[in-house]
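Student: What follows is a protein structure lacking sequence information:
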Ligand code: URA
């Protein structure tokens, strides 16, 4: 391989490692670059020193490696550094916590960035508001949902519709207020439904992957002790693969150093009013309360218990 190619490869690896050490987990890669990276490397023949200088035939391999710091076109992909899937697995608690003022400033800066995001042009065009998140940035407990619905899009606040009312009741039954916890979604924009005046759809894998770095930054700044993932899509968005929520709810998972409790989405409880399903969610919340060391009264412990 040419020395130039090796030097460039080393430089690219060092650059990515330095970014990762700084806590950057994604790089923006243009589709052309991505396509080129999947091709076998064609190494130019080493120059023949004894021959008079001639122009190179064909493209230099280094011309096909181009990491970009910033977005240069409308269609780009955010790729995790490290493993091909997401997440990278590195703990989000590795970096020291910021002092309160710096944390508030970093959170405000993140919010500003997210509010003007146009990474998904179709969602930026259809949304009324970006739904960044709401609550206490020092919360020990963070609820992560799927994506804003129509009411959330109108108001710019997560979980304010019917499912949100139920989530608020759940939080209150835990002895907390909405202001005590942090509430957000994997996707910060309402998934568009072109041609339909109303309606919902699940965020696409690409939309979730594009938005995930914002959620990761929120988690990294808030440093919750527990995350409650509301529904299968929230789990899929976080962990990068589809799950069967009926199989995994109630079982502790870990997202990059932070315990995660998957449970049913409140919208599911609105559709399925069976007490058995409500009880399951409540048992999951009791497990969360125990993990957080919150006091649990007999009344709380015995909700939905029959007999
Ligand atoms: N459902 C969600 O997943 N998130 C919201 O904000 C509202 C409804």
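Tutor: That came in fine, so what should we check first? The structure displayed is predicted, hence computed values, not measured ones.
Student: residues from this protein in reach of the ligand?
Tutor: Taking Cβ under 6 Å from any ligand atom as the contact definition, the chain meets the ligand at 145-149, 152, 158-159, 161, 163-164, 185, 267. For the C-beta atoms, the positions are set from N, CA and C on the backbone; glycine is no exception.
Student: and if we set it to 5 Å?
Tutor: Proximity of the chain to the ligand (Cβ under 5 Å from any ligand atom) is limited to residues 145, 146, 148, 149, 152, 158, 159, 163, 185.
Student: Look at the fourth one and say how many residues are nearby.
Tutor: For residue 149, the tally of surrounding residues (other Cβ atoms under 10 Å) stands at 24.
Student: Spatially, what comes nearest to it if we skip its sequence neighbours?
Tutor: residue 161 (5.2 Å; Cβ to Cβ, 6 or more residues apart in numbering).
Student: Residue 187 now?
Tutor: Residue 187's closest residue in space is residue 147 (Cβ to Cβ, 6+ apart), at 3.7 Å.
Student: neighbouring contacts of the helix or strand encompassing residue 299?
Tutor: According to DSSP states H and E, residue 299 maps onto helix 298-302. With contacts defined as Cβ atoms under 8 Å, 6 or more residues apart in numbering, helix 298-302 is touched by 173, 174, 175, 286, 289.
Student: And for stretch 164-177?
Tutor: 141, 143, 145, 151-152, 158-159, 178, 180-181, 183, 230, 266, 269-270, 281-282, 285, 288-289, 294-295, 300, 303.
Student: got any ranges where the stretch 151-300 of the chain has weak pLDDT?
Tutor: Regions of the stretch 151-300 of the chain meeting the criterion pLDDT under 70 are absent.
Student: quick one: the strands in it?
Tutor: Using DSSP state E, counting those that start in this stretch, the strands of the stretch 151-300 of the chain run over residues 182-185, 226-230, 253-255, 258-263.
Student: possible to save the ones you listed as a markdown table with mean neighbour count?
Tutor: Formatted as a markdown table, the strands of the stretch 151-300 of the chain follow (neighbours: other Cβ atoms under 10 Å):
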| stretch | mean neighbour count |
| --- | --- |
| strand 182-185 | 26 |
| strand 226-230 | 26 |
| strand 253-255 | 16 |
| strand 258-263 | 22 |
